[in-house]
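In: Just need the structure, nothing else, for what follows:
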Amino acid sequence: MPHRLTLTEMAAKIQARQMSPVELLESHIRQIERWNPKLNAFAITAFEEARAQARRLEQQLHSSNSTSNQPLGSLAGVPVSVKECFDLAGLPTTLCSRLLPAAPADRDSALVERLRRAGAVILGKTNTPEFMVSYETDNEIYGRTNNPWDLERTPGGSSGGEAAAIASFCSAGGIGSDGGGSIRVPAHFCGIAGLKPTPGRLSTIGERTRGATPPGIGVPGPLARTVRDVRALFKVLAGYDERDSMSAPVSAQNQTVDGIRIGVMEQFGSIPVDPAISDALAGAAAKLRTCGFALDEFRPEGLDRAPNLWSFFFNQVPAAPFRKFIGGRESEVSWTALEGLDKLAAMPAPTAAELLEAQAERDAIRRHLLDQMRAAPVLLMPPAGIPAMKHRERRWEIGGKSIGMFQAMMTCTPWNLLGFPALVLPFGKTERGLPVGVQLVGRPFSEELLLEIGVRLEEARGPFRPADPYFT
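Out: Numbering: from 1, shown residues only. Model (predicted):
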């Protein structure tokens, strides 16, 4: 079954002329046709264009010979998917909302362009919550997406469709976006890997947000079943884009992992974490020690306000224009958007003074944390306080405490506020067999360092076997 290979294995076999791009694509299409009716991971498929691209590549491979081989892109023939918020020429970008026009995009987003230049075959666009403002993927246009490990649970949001497609072998990998954990939480819920980069490392041209995610808080990033695959995608996607005002002219960072100390942050303050996630964290720490890393307990000072500041920028700042945009059309909006709107209704528009004070406080927290991380430039911590939740579940009892969604995501949201890169990879399972992940957080522009440590941790962990019957 070709679709069960890793992304890097697929790429290597096609580069070596050991696999047919058409065969690989059709294997994925069959998997999508089998499982998407249950999962609803894809919002829109683009099979005909994908088939045409795979056939062109097949002809190129057959016409080549040992003396005149044409160079292939690093992802030539690999089937991938993209989150619905990224423009794909000829397909609409609606943020899964009835309130936005369904006109087809004139051109590909910058990241789709880079995937195509590398030879990747685009399968289609994956589902999100409306306006990408929920940790649960559901909307009025395409409906609810289910978690491949348990159909009664959500794959998370807002890149939930992307994570579900990759976890179920319907896609080898792809791109999502993360404004408050929207890559990392679905990766954690679905047992795959995902990277939230530093703002500026990946272009946002052609990524639509409708102002739901302020600049610098939300960023695009890659997802795949392994960290090695995420690294391969990041190499293709990263790079300066002069069209993007936030783009940073940063070249690949060849950072050594030798001598790196890793700080272990078991939870955020006093907020409890599900025991299965704590066990995974302890297991990951033990494996990192066997890899030669020194680990120390990390208790950050001055980080307590970070989740509230994230909420200020992510929720309160866009609240007024968001309410105005939806005003009078609430009946056309999905419950995932209304859930957030109910909270936004109680939030007054921030004053200029409040905005300046919040920015100054964010900068002070960032400076202080950067100083604390000089000794331990990488942190190991939970990606969230809970494993994949049941649909519409919003409160949990952990360690005798009742926590809600805001508290459950406190290990995740500070890194959006502060602009730190963060990587999630699977490392265990709950008693019910649900996957749980761990999170590596680094200083800004240390993606290559995180990915190298992640690859080593992944190798020390060994293969992460998916659950039956959904992935057979």
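
In: mind checking the longest helix of the chain?
Out: For the chain, the longest helix by residue count, based on DSSP state H, is helix 352-372.

In: Return the list of helices and strands in contact with that one.
Out: helix 306-311, helix 414-418 (3 or more CB pairs under 8 Å, 6 or more residues apart in numbering; DSSP states H and E). The way it works is simple: take the backbone N, C-alpha and C, and place the C-beta from them, glycine included.

In: Buried residues, the helix or strand of the chain at the bottom of the mean pLDDT ranking. List them.
Out: Of all helical and strand segments in the chain, the minimum by mean pLDDT, DSSP states H and E falls on helix 335-345, at a mean of 80. Neighbour counts using 16 or more other CB atoms under 10 Å place T336, A337, E339, G340, L341, L344 of helix 335-345 among the buried residues.

In: what's the offset of it from the middle of its chain?
Out: Mean C-alpha position of helix 335-345 versus that of the full chain (CA atoms, centre = their mean, to the nearest Å) differs by 23 Å.

In: CA atoms only for that helix, dumped as PDB, please.
Out: Extracted in PDB, the C-alpha atoms of helix 335-345 (Å, rounded to 0.1, in the frame of the first residue of the first chain):
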ATOM      1  CA  TRP A 335     -21.900  27.100  16.000                       C
ATOM      2  CA  THR A 336     -18.100  27.100  16.100                       C
ATOM      3  CA  ALA A 337     -18.000  30.800  15.000                       C
ATOM      4  CA  LEU A 338     -21.000  31.700  17.200                       C
ATOM      5  CA  GLU A 339     -19.300  30.100  20.200                       C
ATOM      6  CA  GLY A 340     -16.400  32.500  19.800                       C
ATOM      7  CA  LEU A 341     -18.800  35.400  18.900                       C
ATOM      8  CA  ASP A 342     -20.600  35.000  22.200                       C
ATOM      9  CA  LYS A 343     -17.300  35.600  24.100                       C
ATOM     10  CA  LEU A 344     -16.300  38.500  21.800                       C
ATOM     11  CA  ALA A 345     -19.700  40.200  22.400                       C
END
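
In: hang on, isn't F86 packed against T93?
Out: Yes: contact criterion CB atoms under 8 Å: F86 and T93 qualify, at 7.2 Å.

In: Which stretches in the chain count as strands?
Out: 42-45, 79-83, 121-126, 173-178, 193-196, 219-224, 261-264, 294-297, 378-381, 395-398, 401-404, 422-429, 435-442 (DSSP state E).

In: most packed of those?
Out: strand 193-196 (a mean of 32; mean count of other CB atoms under 10 Å).

In: strands paired with it, and their directions?
Out: strand 219-224 (antiparallel), strand 422-429 (antiparallel) (DSSP bridges).

In: out of those strands, nearest to G176?
Out: strand 219-224 (5.4 Å; CB to CB).

In: Count the neighbours of the closest residue to Q407 other than its chain neighbours for me.
Out: Closest residue to Q407 apart from its sequence neighbours, by CB to CB, 6 or more residues apart in numbering: I271 at 4.9 Å. Per other CB atoms under 10 Å, the neighbour tally for I271 reads 19.

In: now swap in the one 10 residues further on and tell me
Out: Each residue near L281 was counted by other CB under 10 Å, and the total is 25.

In: before we move on, back to that, check contacts around the residue nearest to Q407.
Out: The neighbourhood of I271, defined by CB atoms under 8 Å, 6 or more residues apart in numbering, consists of G385, K401, I403, Q407, A408, M410, T411.

In: Could you identify the most distant pair in the residues you listed?
Out: Maximum distance among the contacts of I271 (CB to CB): 15.1 Å, for K401 and T411.

In: okay if I get the strands of the chain as JSON lines plus distance to M19?
Out: Below are the strands of the chain laid out as JSON lines (distance: least, CB to CB, whole Å):
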{"stretch": "strand 42-45", "distance to M19": "22"}
{"stretch": "strand 79-83", "distance to M19": "12"}
{"stretch": "strand 121-126", "distance to M19": "13"}
{"stretch": "strand 173-178", "distance to M19": "16"}
{"stretch": "strand 193-196", "distance to M19": "23"}
{"stretch": "strand 219-224", "distance to M19": "18"}
{"stretch": "strand 261-264", "distance to M19": "38"}
{"stretch": "strand 294-297", "distance to M19": "40"}
{"stretch": "strand 378-381", "distance to M19": "36"}
{"stretch": "strand 395-398", "distance to M19": "44"}
{"stretch": "strand 401-404", "distance to M19": "47"}
{"stretch": "strand 422-429", "distance to M19": "26"}
{"stretch": "strand 435-442", "distance to M19": "28"}
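
In: Which of those sits closest to E361?
Out: Comparing the strands of the chain under CB to CB, the one sitting nearest is strand 435-442, at 19.9 Å.

In: Sheet partners, orientation included, of that closest one?
Out: The strands beside strand 435-442 in its sheet (DSSP bridges) come out as strand 378-381 (antiparallel), strand 422-429 (antiparallel).

In: Quick one: closest of these to E113.
Out: Nearest to E113, of all those, is strand 422-429, at 24.4 Å by CB to CB.

In: Just the residues contacting that closest one, thanks.
Out: Under CB under 8 Å, 6+ apart, the answer for strand 422-429 is 183-184, 187-188, 191-196, 226-227, 230, 276-277, 279-281, 283-284, 383, 412, 415, 435-442, 450-451, 454, 457-458, 461, 464, 467.
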